[in-house]
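Enquirer: below are the sequence and a predicted model for it; my questions follow.
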Amino acid sequence: MKKLTAILVALLMLMLPLSGIADVSFPLSLSHEWASFDMGVTHSAAVHVGGFGYAWGYNYNAPIGNGVTASSDTFVPYNWGTGVTAVSANNKTTLSIDGNGVLSICGAFWWGIGGDSSMPSGGYIHTAPTQFATNVRSASMGFNHMVYVKNDNTLWVYGENAHGQLGDNSTTSYYTGAGKKILDNVSYAVAGDCLTAAVKTDGTLWVWGFNYYGQVGNGSSGANADRKSPVQVLTNVYSVSTMGDHVVALKNDGSVWAWGLNDVGQLGRGNTTNATSPVQVTTGAVQVSAGYNHTAVLKSDGSLWFCGCNYRGAFGNGVNGGYSAANSTFRQTPGTWVAVNCGTHCTAAVAPTGQLFTTGHNDHGKLGLGNGAPTTVTQFTATDIWIFGEDGPATYTVRFVDWDGTLLSEQEVSEGEAASAPAAPTRIGYEFTGWDKDFSCVTEDMTVTATYTAIRYTLTINYVDENGVKLAPTFTRTYTYGESYSISSPIISGYTANTPLVSGVMGAANLVIDVVYTQDQSKLKGDVNCDGIVDSADITLAAAYSMNAGTVTAQGIINGDMNGDGLLTAADLSALYSYILG
């Protein structure tokens, strides 16, 4: 088993207290969840181990960065270069930062991103990453604007501003140069759908922009509630996430707070009522991610929880659904994870090994699972992208055994992959029902045992005479293979059973047994013809027999031997006559 040490280190790091952004030691920067991978609207991007920048999905006007401008789908992650440390993907644009702090952009910039006041109406298209700004620590691409934080903790904005999302107290878009500075002392910031949120170095959270659903979090909402300048909404904040019309924040104590649109329960508060101010919804978290209309929370034990819309399997729990009342509270998804990022009806998560897994709506191949992958993926599925780690996936031994321990199959399975079950085994007298463990996402060495249900076979006993006529109710009972049975045949007056006790061991088939009864011959003294009655007919038969003119059975001779000499003679005839006459 490989990389056990790395896995344990990653899990231990998850348990560290959230004492501040700079104090957290973790394979990924949890306060900046798009730093290593990001799920957008129709395309995605990630930083592969070694600093390789990858993008995949819908390539309308080149956000993949592969030099193609025509509308096309890129199903296999495309490597656009080395030295990349962070990425952000949204709408038709991809941002990336290299190790020198250079911020680059690629894709279609319909809103002036990458241009200036002379930008043509059709916008600019960069078919490969193109330098935009320097000395950048983090960046985030919104739906139609971008934000980035420089190494000096200043926040810069660029793009559309119809709802005041640039935060300059206006609604005038800004397309000049590398943008404008808005705030000082900023740790990092996120750009959503016409909304911006920034965490300052003192832990205060500031939000501004589109506020129709209360997503600014200042207690107001409606058509005229947009905020054109930053407003403080929380303190002691560790991280924040937004993509659609709701916002989720993580405080230093691990508590999770959410507000804004809640039409499908994406706030996780157990209802579908919007919140115009932050509401605490859960605790024990180390990372949060807000997608278009679903939310993910990663907890300190590596468990992953979702709420909101599960359309096309965005939760990765095997269910292809949309909104349900149950999804308005957080629901756990199988597996252990170390980072998560939500997009539009899709989610990406990183396993402890560093491998990236995706789930949800695979339109345009944005899950990065290759050509031919289904458009709906309801369980987290491994990509070829590794966010960290050097040795490739950990491997585990999976043994499939029969009920008696007989080895059926043994295989090595990569971390997070599914094992392949052998052909269903057979067991006499039993029906195979499956396996005793889930092996769809292997995270440890395991032995999987076949399970069975005992088949019950029917024993039927018919009680009949020599002509097959039923004399007593049929006996019916079920037994398992190898089970003993012992049934006494009923006593029927005037008959003798050929099998007084039916016993044996049940085989692997239904069993029918006929117990045949023969009618008893009469044993009445004087009943020479054995008809059960002593009358003149017996005298007549005895007389004929004594004159050698009739035939009498052995039992008839015994019955007619009135003097006990073992013979039927005239003397017996006389005694019989006297016996009948009384």
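Expert: Structure received. Numbers count the residues shown, from 1 in each chain.
Enquirer: show me where the stretch 451-582 of the chain has strands.
Expert: 456-465, 470-480, 484-488, 495-497, 501-505, 511-519 (DSSP state E, counting those that start in this stretch).
Enquirer: ok, the shortest one: who's next to it in the sheet?
Expert: Applying DSSP bridges, strand 495-497 is found paired with strand 511-519 (antiparallel).
Enquirer: count the residues that sit near residue 133.
Expert: By other C-beta atoms under 10 Å, the residues close to residue 133 number 21. From N, CA and C alone the C-beta is placed, and that goes for glycine too.
Enquirer: do the same with residue 193
Expert: 22.
Enquirer: per-residue confidence for residue 118?
Expert: In this prediction, residue 118 carries a pLDDT score of 42.
Enquirer: turn the strands of the stretch 451-582 of the chain into a markdown table, columns for mean neighbour count and mean pLDDT.
Expert: Formatted as a markdown table, these follow (neighbours: other C-beta atoms under 10 Å; pLDDT from 0 to 100):
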| stretch | mean neighbour count | mean pLDDT |
| --- | --- | --- |
| strand 456-465 | 16 | 96 |
| strand 470-480 | 13 | 95 |
| strand 484-488 | 12 | 96 |
| strand 495-497 | 16 | 88 |
| strand 501-505 | 12 | 96 |
| strand 511-519 | 15 | 92 |
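Enquirer: mind checking which of the ones you listed is nearest residue 527?
Expert: Between residue 527 and the strands of the stretch 451-582 of the chain, the shortest gap by C-beta to C-beta is with strand 511-519, which sits at 14.3 Å.
Enquirer: turn the strands of the stretch 451-582 of the chain into CSV, including distance to residue 152.
Expert: Formatted as CSV, the strands of the stretch 451-582 of the chain follow (distance: least, C-beta to C-beta, whole Å):
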stretch, distance to residue 152
strand 456-465, 78
strand 470-480, 78
strand 484-488, 87
strand 495-497, 104
strand 501-505, 87
strand 511-519, 89
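Enquirer: where do the strands of the stretch 1-150 of the chain begin and end?
Expert: 37-39, 43-48, 52-58, 73-81, 84-90, 93-98, 103-109, 124-133, 136-141, 145-150.
Enquirer: for these, which has the smallest mean pLDDT value?
Expert: strand 73-81 has the lowest average pLDDT among those, namely a mean of 65.
Enquirer: against residue 441, how distant is the residue nearest to residue 403 when sequence neighbours are not counted?
Expert: Leaving aside its sequence neighbours, residue 403 sits nearest to residue 450 (C-beta to C-beta, 6 or more residues apart in numbering; 5.7 Å). Residue 450 sits at a distance of 20 Å from residue 441 (criterion: C-beta to C-beta, to the nearest Å).
Enquirer: secondary structure element for the residue nearest to residue 403?
Expert: Here residue 450, judged by DSSP states H and E, is contained in strand 446-454.
Enquirer: can I get the CA coordinates of that strand in CSV?
Expert: In CSV, the C-alpha atoms belonging to strand 446-454 read as follows (Å, rounded to 0.1, in the frame of the first residue of the first chain):
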residue,chain,number,x,y,z
MET,A,446,-10.3,-5.0,2.4
THR,A,447,-11.8,-8.5,2.2
VAL,A,448,-15.2,-8.7,0.6
THR,A,449,-17.3,-11.7,1.4
ALA,A,450,-20.2,-13.2,-0.6
THR,A,451,-23.5,-13.2,1.1
TYR,A,452,-26.4,-15.6,0.6
THR,A,453,-29.9,-16.3,1.6
ALA,A,454,-30.9,-19.9,2.3
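Enquirer: re the thing from before, and the residue nearest to residue 403, bridged to which residues?
Expert: Counting by DSSP bridges, the residues bridging with residue 450 are residue 435.
Enquirer: list the contacts of it.
Expert: 400, 401, 402, 403, 408, 424, 425, 427, 432, 434, 435, 436 (C-beta atoms under 8 Å, 6 or more residues apart in numbering).
Enquirer: format those residues as a markdown table; extra columns: neighbour count and pLDDT.
Expert: Formatted as a markdown table, the contacts of residue 450 follow (neighbours: other C-beta under 10 Å; pLDDT from 0 to 100):
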| residue | neighbour count | pLDDT |
| --- | --- | --- |
| 400 | 23 | 97 |
| 401 | 18 | 96 |
| 402 | 16 | 96 |
| 403 | 14 | 95 |
| 408 | 16 | 95 |
| 424 | 12 | 95 |
| 425 | 15 | 95 |
| 427 | 16 | 95 |
| 432 | 16 | 96 |
| 434 | 12 | 96 |
| 435 | 17 | 96 |
| 436 | 12 | 95 |
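Enquirer: these in strands, which ones?
Expert: 400, 401, 408, 432, 434, 435 (DSSP state E).
Enquirer: which of these sits closest to residue 154?
Expert: Of these, the one sitting nearest to residue 154 (C-beta to C-beta) turns out to be residue 435, at 57.1 Å.
Enquirer: the closest residue in space to residue 552 that isn't next to it in sequence: neighbour count?
Expert: Residue nearest to residue 552 in three dimensions, not counting chain neighbours: residue 545, with 4.8 Å by C-beta to C-beta, 6+ apart. Using other C-beta under 10 Å, residue 545 has 20 neighbouring residues.
Enquirer: low pLDDT regions in the protein?
Expert: By pLDDT under 70, the low-scoring segments of the chain are 1-35, 50, 69-81, 109-124, 389-394, 521-523, 582.
Enquirer: quick one: the helices in it, in order.
Expert: For the chain, applying DSSP state H gives helices covering 4-14, 536-546, 554-560, 570-581.
Enquirer: among these, which is nearest residue 52?
Expert: The nearest among these, by C-beta to C-beta, is helix 4-14 at 19.5 Å.
Enquirer: in stretch 325-334, which residues are buried?
Expert: Judged by neighbour count (16 or more other C-beta atoms under 10 Å), stretch 325-334 contains these buried residues: 327, 328, 330, 331, 333, 334.
Enquirer: now tell me what touches that stretch from outside.
Expert: Applying C-beta under 8 Å, 6+ apart, the set of residues contacting stretch 325-334 is 262, 264-265, 267-272, 281-282, 297, 303-310, 315-317, 321, 380, 438, 440-441.
Enquirer: and that stretch, how far apart are its ends?
Expert: For stretch 325-334, the separation between the terminal residues is 20 Å (C-alpha to C-alpha, to the nearest Å).
Enquirer: ok now it, how far from the chain's centre?
Expert: 12 Å (C-alpha atoms, centre = their mean, to the nearest Å).
Enquirer: specify the beta-bridge partners of residue 398.
Expert: residue 411, residue 446.
Enquirer: in stretch 312-322, what's buried?
Expert: In stretch 312-322, counting by 16+ other C-beta under 10 Å, buried: 312, 313, 314, 315, 316, 317, 321.
Enquirer: what's next to that stretch, contact-wise?
Expert: 264, 291, 294, 304, 306, 309-311, 327, 331, 333-335, 342, 345-347, 349, 357, 359-362, 375-380.
Enquirer: same thing with stretch 569-582?
Expert: Contacts of stretch 569-582 (C-beta under 8 Å, 6+ apart): 525-526, 528, 534-536, 538-539, 542-543, 546, 560-563.
Enquirer: so the residue lying closest to residue 267 once chain neighbours are set aside bridges to which residues?
Expert: Of all residues not flanking residue 267 in the chain, residue 258 sits nearest, at 4.1 Å (C-beta to C-beta, 6+ apart). Counting by DSSP bridges, residue 258 forms beta bridges with residue 248, residue 279.
Enquirer: check contacts around residue 258.
Expert: Here residue 258 is in contact with 246-249, 266-269, 275, 278-279, 281, 290, 295 (C-beta under 8 Å, 6+ apart).
Enquirer: residue 477: which of the residues you listed is nearest?
Expert: Distances from residue 477 to those, taken by C-beta to C-beta, are shortest for residue 268, at 55.0 Å.
Enquirer: what's the neighbour count on the nearest residue in space to the closest one that is not next to it in sequence?
Expert: Excluding the flanking residues, the one nearest residue 268 by C-beta to C-beta, 6+ apart is residue 307, at 3.7 Å. Neighbourhood size, residue 307 [other C-beta under 10 Å]: 28.
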